[in-house]
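**Q** could you look at this predicted model? Sequence included:
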Amino acid sequence: MNFFNTAVNFFKDGGMFLYPLALIFVVGVAIAIERFVYLTRETARNRSLWESVVPPLGAGNFKQVAALTQASNASIATILNYGLARIAHAKRRDDVEKAMDESLLEVIPRIEKRTHYLSSLANIGLLIGLLGTITGLIGAFSAVASANPAEKASLLSLAISVAMNNTASGLGVAITLLLSHMFLESKTTSLIDSLEIASLKFLNAIVERPAPAVPSAPVQPAGPAHSVAQARSAK
């Protein structure tokens, strides 16, 4: 209860700029939570699908691989589906690789979606806090200039309190959202790297698989004519 009262008094003393700061903070935290849940779930789905795909891929059972990828909504399933669709019509590695690169261009924006908003919101929150600080200081000096000498100390302390509350709020919002952005950016990069590695492994397995060995022609046994010729040459 004391914390709640402190927060309410903090907002009352901070002025009008604390309300947009609070809105920015709530929006930023909501984006961070949504991105964290999405990236965590997507990482787990990709890992699960890849573990299911590896055995039939190593055995050359591409029909089973296609069945697994088409039944999944994971990001890696989209990439593998592109490769499987192209390998049915093109045998060159470059053609299949271009198709899988195209799929990465489709998948990566979904993974990076909204994460960059956090850094922008952090900068905006910091600037709003700075604006509230400057406004509070301007009000402080204006109040002191026109106030009675007995009231100057109280008016000055009140205005400075408003300015400092805005400074602290802006810094708190900026630090929180920047840390969230750094964490999610690292998680996003790790997920994209794993997709690129899986794409390369799949490409090597499906394009550079060894060709079946060609059986050598059987040696024909020597016929009667050949045996006679050998006997005459021996004489």
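**A** That came through fine. Since the structure is predicted, the reported quantities are computational estimates derived from the model, not experimental observations.
**Q** pLDDT below threshold where in this protein?
**A** 1-14, 90-91, 143-147, 149-152, 207-235 (pLDDT under 70).
**Q** got a list of what the most centrally placed residue in the chain touches?
**A** The C-alpha lying nearest the average C-alpha coordinate of the chain belongs to residue 188 (C-alpha atoms, centre = their mean; 2.4 Å). Residue 188 is in contact with 39, 111, 112, 115, counting by C-beta atoms under 8 Å, 6 or more residues apart in numbering. Every C-beta, even on glycine, is put in place using the N, C-alpha and C of the backbone.
**Q** swap in residue 130?
**A** 166, 167, 170.
**Q** so the residue nearest to residue 95 when sequence neighbours are not counted versus residue 205, what's the distance?
**A** Leaving out its chain neighbours, the residue that sits closest to residue 95 by C-beta to C-beta, 6 or more residues apart in numbering is residue 86, at 6.0 Å. According to C-beta to C-beta, to the nearest Å, residue 86 and residue 205 sit 15 Å apart.
**Q** what do you get for residue 61?
**A** According to C-beta to C-beta, residue 61 and residue 205 sit 11 Å apart.
**Q** more neighbours, these two?
**A** Neighbours per residue (other C-beta atoms under 10 Å) separate residue 61 from residue 205, with residue 205 holding more: 16 against 12.
**Q** so who does that one touch?
**A** Contacts for residue 205 (C-beta under 8 Å, 6+ apart) come out as 57, 58.
**Q** residue 86 is in contact with residue 96, isn't it?
**A** Yes. Look at residue 86 against residue 96 with C-beta atoms under 8 Å: they come within range, at 5.0 Å.
**Q** how near is the closest residue to residue 107 other than its chain neighbours to residue 155?
**A** Distances taken as C-beta to C-beta, 6+ apart place residue 75 nearest to residue 107, at 4.7 Å, with adjacent residues excluded. Relative to residue 155, residue 75 is positioned 59 Å away (C-beta to C-beta).
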